[in-house]
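Visitor: Got a predicted structure plus its sequence, pasted below:
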Amino acid sequence: MCHFRKRYLPRLVYLERVVKETLRLFPVAACLGRLLDKDIVTSNYTLPKGCECLIPIMYIHRDPNIWEHPLEFNPDRFLPEEVSKRHPYSYLPFSGGPRSCIGFKYAMMAMKTAICTVVRHYKVSTELKSLTDVDFVPGVVLKPSRGYRIGLQPPSVNVLTRVLHRRWRLEIGKMALYITFPVALFHYFNQPELFEDWVVKTKRELYPPEDTPEQRQFLTAIQKIKTQQEADRLKALEKNATN
Ligand code: HEM
């Protein structure tokens, strides 16, 4: 199975909508607190400076005035055309304004990577039947009261997948062979005593000493020249001796 790469993340548009819809129904920070540094005037109320406010993110995310069928899991609520219909502060999983989460991009990348990695390797299941089956305990972050009731099962691996999974072993084997083979050959042929006889024998077979009439004629001619030269030299010596 190929490795997951960072460059794949922008292409996972549906997964991004799934993550966003999950954070709508189950915002990690379900409730935020603010201390007002000035009076806030709304249509019906004035919230005085110094007042401590709680912003019920989970409640806003499930408000039927904002979200149609709020308890339905529908990732397409986060299609660009749907998002543009809503007030920007109707969805606040990472808070909003100047004190919003600085790590939201990283968090989105991390969640998408984690989900991809898990679903590519495991079959995920749960005994929970609907969203309302999940109860929460109050806390700084949203936490299910009965833990995370999910099952992870390794997929049944077919032969092809098994072969692909073992590919890295094959590659290492091939690499070892590529290195060992020339090294072994080099060592073998660098022992002259092992192959000297073989070289001499092969050379004799490939280039046998020639014994043709021309060759013999040539050798006789050379011999004649040598004898002639010897005789001339002797004659010259005798002449010198008599003088
Ligand atoms: C799913 C993951 C995350 C969620 C749901 C989340 C949510 C939030 C929320 C709602 C706030 C606002 C808190 C408030 O106003 O009281 C916040 C603030 C903050 N978050 Fe995250 N966060 C996540 C991951 C991260 C990561 C990965 C980082 C760092 C890399 C990070 C860094 C921060 C910081 C520094 C603040 C404070 C910003 C400020 O007060 O100016 N968060 N986060």
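Guide: Arrived safely. Residues are numbered from 1 along each chain as shown.

Visitor: Alongside the ligand, which residues does this structure contribute?
Guide: 28-29, 32, 93-95, 99, 101-103, 106-107 (Cβ under 6 Å from any ligand atom). Bear in mind the C-beta positions are built from the backbone N, C-alpha and C, glycine included.

Visitor: looking at this structure, which helix or strand does the model trust least?
Guide: None of the helices or strands of the chain scores lower by mean pLDDT, DSSP states H and E than helix 159-165, at a mean of 68.

Visitor: Now the lengthiest helix in the chain: buried residues?
Guide: As assigned by DSSP state H, the longest helix anywhere in the chain is helix 213-242. Residues of helix 213-242 include none that count as buried (16 or more other Cβ atoms under 10 Å).

Visitor: Now the buried members of the residues of the chain next to the ligand.
Guide: Buried members of the residues of the chain next to the ligand, counted by 16+ other Cβ under 10 Å: 29, 32, 93-95, 107.

Visitor: Show me the residues you listed that map onto strands.
Guide: Among those, the members found in strands (DSSP state E) are residue 32.

Visitor: Just name the closest of the buried ones among the residues of the chain next to the ligand to residue 21, please.
Guide: residue 93 (10.4 Å; Cβ to Cβ).

Visitor: give me the element the closest residue to that closest one other than its chain neighbours is part of.
Guide: Of all residues not flanking residue 93 in the chain, residue 23 sits nearest, at 3.9 Å (Cβ to Cβ, 6 or more residues apart in numbering). Taking DSSP states H and E as the criterion, residue 23 maps to helix 13-25.

Visitor: From the chain's centroid, how far away is that helix?
Guide: 25 Å (Cα atoms, centre = their mean, to the nearest Å).

Visitor: Only C-alpha atoms, please: export that helix in CSV.
Guide: The C-alpha trace of helix 13-25 is given here as CSV (Å, rounded to 0.1, in the frame of the first residue of the first chain):
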residue,chain,number,x,y,z
VAL,A,13,-12.6,17.5,-0.1
TYR,A,14,-15.3,15.1,1.0
LEU,A,15,-13.3,13.9,4.0
GLU,A,16,-12.9,17.6,4.9
ARG,A,17,-16.7,18.0,4.9
VAL,A,18,-17.1,14.9,7.0
VAL,A,19,-14.6,16.2,9.6
LYS,A,20,-16.4,19.6,9.6
GLU,A,21,-19.8,18.0,10.0
THR,A,22,-18.4,15.8,12.9
LEU,A,23,-17.0,19.0,14.6
ARG,A,24,-20.4,20.6,14.1
LEU,A,25,-22.2,17.8,16.0
